[in-house]
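Chemist: could you work out the structure for the sequence below:
(chains A and B)
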2 protein chains.
Amino acid sequence: MYRLYQHPGSGNCYKIQLLLELLGLPYETVNVNILAGESRTPAFLAHNPVGKVPVLQIGSDDFLPESNAALWYLAEGSRFLPADRRGRAEVVRWLSFEQYSHEPNVATARFWIHFLGNPPQYAERLQEKQEAGRHALRIMDDHLARADYFVGGGYSIVDIALYAYTHVADEADIELAPYPAILAWLARVGGEPGHVAMEY
Amino acid sequence: MYRLYQHPGSGNCYKIQLLLELLGLPYETVNVNILAGESRTPAFLAHNPVGKVPVLQIGSDDFLPESNAALWYLAEGSRFLPADRRGRAEVVRWLSFEQYSHEPNVATARFWIHFLGNPPQYAERLQEKQEAGRHALRIMDDHLARADYFVGGGYSIVDIALYAYTHVADEADIELAPYPAILAWLARVGGEPGHVAMEY
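Modeler: The predicted model follows:
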């Protein structure tokens, strides 16, 4: 059975949980209190030297860090990952966008506000993160104005990866009203059979 | 024939050029002067809305942004990308690490110093980037102390992706002497048949 090391409310952890639910795979969760340093203990660093959740345990001594790597692993052979070369490259393209242009901005702004209580020393950088996050959302909205999902062929792990923090952008004090195509896409993703909400 | 839109000296562009050379594939390059805003023109944004090089043109009207997506596309079916599910997930894991923990630190520090002439307004953040970059290098060194390459099975696109900015870390004022396993790995990668140096 899969074991997901997670922190409740982490969008990166939720990505994996959502796909496990969509695939109907059994799993158990282990909460790691990142705010109390539990992801920096020697035991945890042995599973993920980066010291972050999520980590997906896929075997008795086999631990897979990085949320998008777990998505790829779980989705292999399913309808959530294209089988063709061009489609897979497009998945890597958008997962790169998510890791470089979206998550470091939207998720970090949300973390500072929602988990750390918006401490004043981050005020200037918070604005920069929100601005960069809105730029990423603009790119997403332009894309979704012409397509129902990010990659041709339908709902994929790219949608899961980008949904995780986009659907809680309000917790980063980023309004989604200017992005109508994103709002329609969020409704499509949320209406997918087997969809579960993030618990926290 | 592949067409690579690039900026000379960009490690992200070099990743693709290196793999094209290793695979012996014909290609042509188009220089895009990012310092003169040429990656932000409407024509270029139509190929990559993120406004960055590289973009790999793979068909008459088919443009693939994101360096690691191009690596994946080109490596499919070759010895540079594992065929098995676990190996591929490990590739996604390390490409995520490269995009999130390595490139934004080492490459950004290098960009500020090497391309922008180390302007004083970045001084405080430069130190943060260098510190975070050294932390990423420490994780890499620990891994490479136990393995010749990042993913089991040998030299892969992960090595190419991480080599691109690691081998010029000195241009980010980051010394590599504290990382002997990285130095040995750089020599292995540089000695690969067909290896070419970054031109700039």
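
Chemist: how many neighbouring residues does residue A:167 have?
Modeler: If you count neighbours by other C-beta atoms under 10 Å in any protein chain shown, residue A:167 ends up with 20. (C-beta placed from N, C-alpha, C; glycine too.)

Chemist: does it really touch residue A:187, like I thought?
Modeler: No. Using C-beta atoms under 8 Å, residue A:167 makes no contact with residue A:187, being 10.0 Å away.

Chemist: where does the nearest residue to residue A:64 once chain neighbours are set aside land in three-state SS?
Modeler: Of all residues not flanking residue A:64 in the chain, residue A:56 sits nearest, at 4.7 Å (C-beta to C-beta, 6 or more residues apart in numbering or on different chains). Following DSSP: H, G, I helix; E, B strand; the rest coil, we place residue A:56 in the strand state.

Chemist: before we move on, what about residue A:50?
Modeler: Once three-state DSSP is applied, residue A:50 turns out coil.

Chemist: mind listing what it touches?
Modeler: Residues counted as contacts of residue A:50 (C-beta atoms under 8 Å, 6 or more residues apart in numbering or on different chains) are A:65, A:66, B:97, B:101, B:139.

Chemist: at 10 Å instead, please
Modeler: Applying C-beta atoms under 10 Å, 6 or more residues apart in numbering or on different chains, one finds that residue A:50 lies in contact with A:39, A:65, A:66, B:93, B:96, B:97, B:100, B:101, B:135, B:136, B:139.

Chemist: and of those, the nearest to residue A:48?
Modeler: Taking C-beta to C-beta as the measure, residue A:48 lies nearest residue A:65 of the contacts of residue A:50, at 3.8 Å.

Chemist: for the closest one, grab phi and psi.
Modeler: phi -80, psi 170 (degrees, to the nearest 10).

Chemist: excluding chain neighbours, give the residue nearest to residue A:72 in space.
Modeler: Closest residue to residue A:72 apart from its sequence neighbours, by C-beta to C-beta, 6+ apart: residue B:92 at 4.5 Å.

Chemist: the one you found contacts residue A:69, correct?
Modeler: Yes. Applying C-beta atoms under 10 Å, one finds residue B:92 in contact with residue A:69, separated by 4.1 Å.

Chemist: now do the shared contacts for these two.
Modeler: Shared contacts of residue B:92 and residue A:69, defined by C-beta under 10 Å, 6+ apart, are found at residue A:95.

Chemist: which residue, other than its chain neighbours, is closest to residue A:47?
Modeler: residue A:63 (4.1 Å).

Chemist: please, which helix or strand holds residue A:30?
Modeler: strand A:27-31 (DSSP states H and E).

Chemist: mind jotting down where the strands sit in chain A?
Modeler: Ranges of strands within chain A are A:2-6, A:27-31, A:55-59, A:62-65, based on DSSP state E.

Chemist: let me have these in JSON lines, adding mean neighbour count and distance to residue B:22 as columns.
Modeler: What follows is the strands of chain A, written out as JSON lines (neighbours: other C-beta atoms under 10 Å in any protein chain shown; distance: least, C-beta to C-beta, whole Å):
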{"stretch": "strand A:2-6", "mean neighbour count": "20", "distance to residue B:22": "36"}
{"stretch": "strand A:27-31", "mean neighbour count": "13", "distance to residue B:22": "39"}
{"stretch": "strand A:55-59", "mean neighbour count": "19", "distance to residue B:22": "30"}
{"stretch": "strand A:62-65", "mean neighbour count": "18", "distance to residue B:22": "27"}
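
Chemist: including mean pLDDT, could these go into a markdown table?
Modeler: As requested, the strands of chain A are exported to a markdown table (pLDDT from 0 to 100):
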| stretch | mean pLDDT |
| --- | --- |
| strand A:2-6 | 98 |
| strand A:27-31 | 98 |
| strand A:55-59 | 98 |
| strand A:62-65 | 98 |
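
Chemist: format those strands as a markdown table; extra columns: distance to residue B:144.
Modeler: Below are the strands of chain A laid out as a markdown table (distance: least, C-beta to C-beta, whole Å):
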| stretch | distance to residue B:144 |
| --- | --- |
| strand A:2-6 | 25 |
| strand A:27-31 | 29 |
| strand A:55-59 | 21 |
| strand A:62-65 | 17 |
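
Chemist: mind listing which of the contacts of residue A:50 are in helices?
Modeler: B:93, B:96, B:97, B:135, B:136, B:139 (DSSP state H).

Chemist: close to chain A as well: tell me which of the residues you listed qualify.
Modeler: With C-beta under 10 Å from any C-beta of the partner chain as the criterion, these include B:93, B:96, B:97, B:135, B:136, B:139 near chain A.

Chemist: could you count how many residues lie near the second one?
Modeler: What it means is residue B:96. Residues lying near residue B:96 (other C-beta under 10 Å) number 24.
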